[in-house]
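Visitor: the sequence and its predicted three-dimensional model are supplied below.
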Amino acid sequence: MTDAPQIRLMRLPEGDPAIPLPRYQTPGAAGADLCANLAPVDRAAGITLPPLGRALIPTGLALAIPEGWEVQVRPRSGLALKHGITLPNAPGTIDSDYRGPLGVILLNLGDAPYTVGHGDRIAQMVVAPAPQARFAPVAALDETARGQGGFGSTGMGGI
Ligand SMILES: O=c1ccn([C@H]2C[C@H](O)[C@@H](COP(=O)(O)OP(=O)(O)OP(=O)(O)O)O2)c(=O)[nH]1
């Protein structure tokens with residue numbers, strides 16, 4: 001296994017120090033939970049997403065990811081199953097050279113309004129290797145057994 005990288009985390013000036021920093025909830029967790037860090041004006045009422053509504057939810061954090069790695073922001077399955085809350089851009093890509101505020105785009109696919117509260121665990125971030133490839137333009141590609149077959153070309157049934 002590649003050595004785990006160190007990711008520097010900075011709480012932004014508008015970040016609430018009472019909100020826990022991302023952490024793995026169990027020794028084997030792949031994702032570290034991210035909490036909503038709402039603007040002071042939103043903290044009392046939260047941010048309500050109507051059905052099919054979406055919003056950029058601040059985390060109050062900025063990251064410095066080492067080159068060659070990325071952070072993926074992914075939905076939490078409990079919120080998805082119970083309330084239909086997902087990320088329209090899942091997995092959100094956090095680039096290693098990005099130093100701006102980390103935000104989470106939440107989308108309500110449920111049939112009832114959903115309110116995001118200050119401090120709620122809204123998503124999880126997974127750290128993954130992301131090497132930059134070299135793209136080599138060529139006139140023709142090598143042949144394979146699959147060729148151009150795709151999008152269900154091997155059939156859709158079981159057994
Ligand atoms: O869920 C997300 C997705 C992205 N970002 C930040 C970090 C990322 O590095 C930057 C740009 O994201 P992306 O490349 O997905 O956005 P884009 O629409 O292609 O914009 P850009 O032209 O700024 O790259 O926005 C977030 O904070 N949360």
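Guide: Received the coordinates, thanks. Numbering: from 1, shown residues only.

Visitor: show me what Ile85 bridges to in the sheet.
Guide: Each beta-bridge partner of Ile85 is listed here, defined by DSSP bridges: Asn108.

Visitor: residues near it, how many?
Guide: Per other C-beta atoms under 10 Å, the neighbour tally for Ile85 reads 21. Every C-beta, even on glycine, is put in place using the N, C-alpha and C of the backbone.

Visitor: my guess is it contacts Leu107. True?
Guide: Yes. Contact status for Ile85 versus Leu107: in contact at 7.3 Å, counting by C-beta atoms under 8 Å.

Visitor: identify the contacts common to those two.
Guide: Overlap between the contact sets of Ile85 and Leu107, as judged by C-beta atoms under 8 Å, 6 or more residues apart in numbering, is given by Leu49.

Visitor: what sits against the nearest residue to Asp120 once chain neighbours are set aside?
Guide: Leaving aside its chain neighbours, Asp120 sits nearest to Ala36 (4.8 Å; criterion: C-beta to C-beta, 6 or more residues apart in numbering). Residues in contact with Ala36, defined by C-beta under 8 Å, 6+ apart, are 47, 57-59, 104, 116-120, 122.

Visitor: most neighbours, which of those residues?
Guide: Ranking the contacts of Ala36 using other C-beta under 10 Å puts Thr59 first, with 26 neighbours.

Visitor: now that residue: phi and psi?
Guide: Summarising the backbone geometry of Thr59 under the convention degrees, to the nearest 10, its torsions are phi -110, psi -10.

Visitor: around the ligand, pick out the residues from the protein.
Guide: Taking C-beta under 6 Å from any ligand atom as the criterion, the neighbours of the ligand within the chain are 73, 89, 92-95, 98, 102-105.

Visitor: if we use 5 Å, what do you get?
Guide: On the criterion C-beta under 5 Å from any ligand atom, the ligand has as its neighbours in the chain the residues 73, 92-95, 98, 102-103.

Visitor: low pLDDT regions in the chain?
Guide: Along the chain, the parts satisfying pLDDT under 70 run over 1-2.

Visitor: switch the cut-off to 80
Guide: 1-2, 159 (pLDDT under 80).

Visitor: ok, Leu102 - how many residues close by?
Guide: The number of residues packed near Leu102 is 24, by other C-beta under 10 Å.

Visitor: how deep is Gly100 tucked in, by neighbour count?
Guide: As a burial measure, the neighbour count of Gly100 was computed by other C-beta under 10 Å and equals 10.
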